[in-house]
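A.B. asks: Next comes the sequence, and after it the predicted model I'd like to discuss.
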Amino acid sequence: MIYTVTFNPAVDYVIHLEDIELGAVNRTESEEIFFGGKGINVSTVLSNLGAENIALGFISGFTGKAIESGLNKNGIKTDFIELENGITRINVKIKSKEETDINGQGPVISHEAISGLLDKLKVLQRGDFLILAGSIPATMPDDIYEKIMERLKDSGSNIVVDATGDLLKNVLKYHPFLVKPNNHELGELFGIEINTEEEIIEYAGKLRQMGARNVLVSRAGDGAVLSAENGEVIKMGVPSGKVLNSVGAGDSMVAGFIFGYLQSGDYRDALKLGTACGSATAFSAGLAEKEKVEELMKIL
């Protein structure tokens, strides 16, 4: 089974208007609502591909109920912990001459709720996958990823970490199955600026030396590089297309990679499907759909 965790999900309210004037009444040209959060994005793409998975995390209030109901309607199983206080955050995305984001703070997550999540993770067993993705809300301990991985170190499960900075560095000692920085984030981990493919390969290798089993470095329009635990370095370009949306492309790549690996056990196949999923999201208004992914797989 594949599990995802989203600590701070959101209802993303996207509004489009030609221009915005502060201090005045502004009327939208169109509006969209998405259920956001990196783990939820991974769950959605997995479900679109036909991969059964369970979305875990914290929800609260009417917005939390909307996320849970919406995911269930889309065929995604959920096992959220419902908090007693506040509401799951609403993020307002203003698409105008300039893009502006107003992100909500989200509810306080109690120690009891964190303990409840750790208890739910006890079901993971050998061969299962757990995807930990995104930043940590201010009300949670900053070592929560470490606490989870410490609990699961003897379970035989495979943990994927899509995070940045110390949040990523501090879990390498637990040998995550996969980490997925982009090329800029990889450079930041080592306090340098990475400009070449050779540097990506070198520093992805360093992350493996520090404990990561596989390191997948996304490069936006320049494709991706995988430094695999079997010693292979696999490169993959991206198909040509018009980029409509960059939100969730990295999460889509993670979803495709894991599903591809589960299907074949081959890292090249996994990277190909991951790249197709990331590109399908980039070329779409929302997250990758199976039909678009299959179309791109034929030309990769």
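C.D. replies: Arrived safely, thanks for sending.
A.B. asks: What segments of the stretch 201-300 of the chain are helices?
C.D. replies: 249-264, 267-282, 290-297 (DSSP state H, counting those that start in this stretch).
A.B. asks: Take those and write them to TSV, including mean neighbour count, mean pLDDT and distance to F7.
C.D. replies: All C-beta atoms are positioned from the backbone trio N, CA, C, and that covers glycine. Conversion of these to TSV gives the following (neighbours: other CB atoms under 10 Å; pLDDT from 0 to 100; distance: least, CB to CB, whole Å):
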stretch	mean neighbour count	mean pLDDT	distance to F7
helix 249-264	25	96	14
helix 267-282	25	96	22
helix 290-297	16	93	27
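A.B. asks: TSV for those helices, including distance to V171?
C.D. replies: Below are the helices of the stretch 201-300 of the chain laid out as TSV (distance: least, CB to CB, whole Å):
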stretch	distance to V171
helix 249-264	15
helix 267-282	21
helix 290-297	29
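A.B. asks: so which of these gets nearest S227?
C.D. replies: For the helices of the stretch 201-300 of the chain, the distance to S227 is smallest for helix 267-282, at 9.9 Å, taking CB to CB.
A.B. asks: from the middle of its chain, how far away would the closest one be?
C.D. replies: Helix 267-282 sits 14 Å away from the centroid of its parent chain (CA atoms, centre = their mean, to the nearest Å).
A.B. asks: Can I get it as CSV, trimmed to CA atoms?
C.D. replies: Written as CSV, here are the backbone C-alpha positions of helix 267-282 (Å, rounded to 0.1, in the frame of the first residue of the first chain):
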residue,chain,number,x,y,z
TYR,A,267,14.6,2.6,-12.1
ARG,A,268,14.7,3.8,-15.7
ASP,A,269,11.0,2.9,-16.1
ALA,A,270,10.2,4.7,-12.9
LEU,A,271,12.0,7.8,-14.0
LYS,A,272,10.2,7.7,-17.4
LEU,A,273,6.8,7.5,-15.8
GLY,A,274,7.8,10.2,-13.2
THR,A,275,8.9,12.5,-15.9
ALA,A,276,5.7,11.9,-17.9
CYS,A,277,3.6,12.7,-14.9
GLY,A,278,5.5,15.9,-14.0
SER,A,279,5.2,17.1,-17.6
ALA,A,280,1.5,16.2,-17.8
THR,A,281,0.8,18.4,-14.9
ALA,A,282,2.9,21.2,-16.3
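A.B. asks: Summarise which helices and strands that helix is packed against.
C.D. replies: helix 38-49, strand 214-218, strand 224-227, strand 233-236, helix 249-264, helix 290-297 (3 or more CB pairs under 8 Å, 6 or more residues apart in numbering; DSSP states H and E).
A.B. asks: Dump the ones you listed to TSV, plus distance to S30.
C.D. replies: Output for the helices and strands packed on helix 267-282, formatted as TSV (distance: least, CB to CB, whole Å):
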stretch	distance to S30
helix 38-49	21
strand 214-218	29
strand 224-227	32
strand 233-236	34
helix 249-264	22
helix 290-297	21
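A.B. asks: out of the ones you listed, nearest to G127?
C.D. replies: When the helices and strands packed on helix 267-282 are compared (using CB to CB), the closest one is helix 249-264, at 9.1 Å.
A.B. asks: Hey, what's the angle from the closest one to strand 214-218? Just curious.
C.D. replies: Per axes from the mean of the first three to the mean of the last three CA atoms, to 10 degrees, the angle that helix 249-264 makes with strand 214-218 is 140 degrees.
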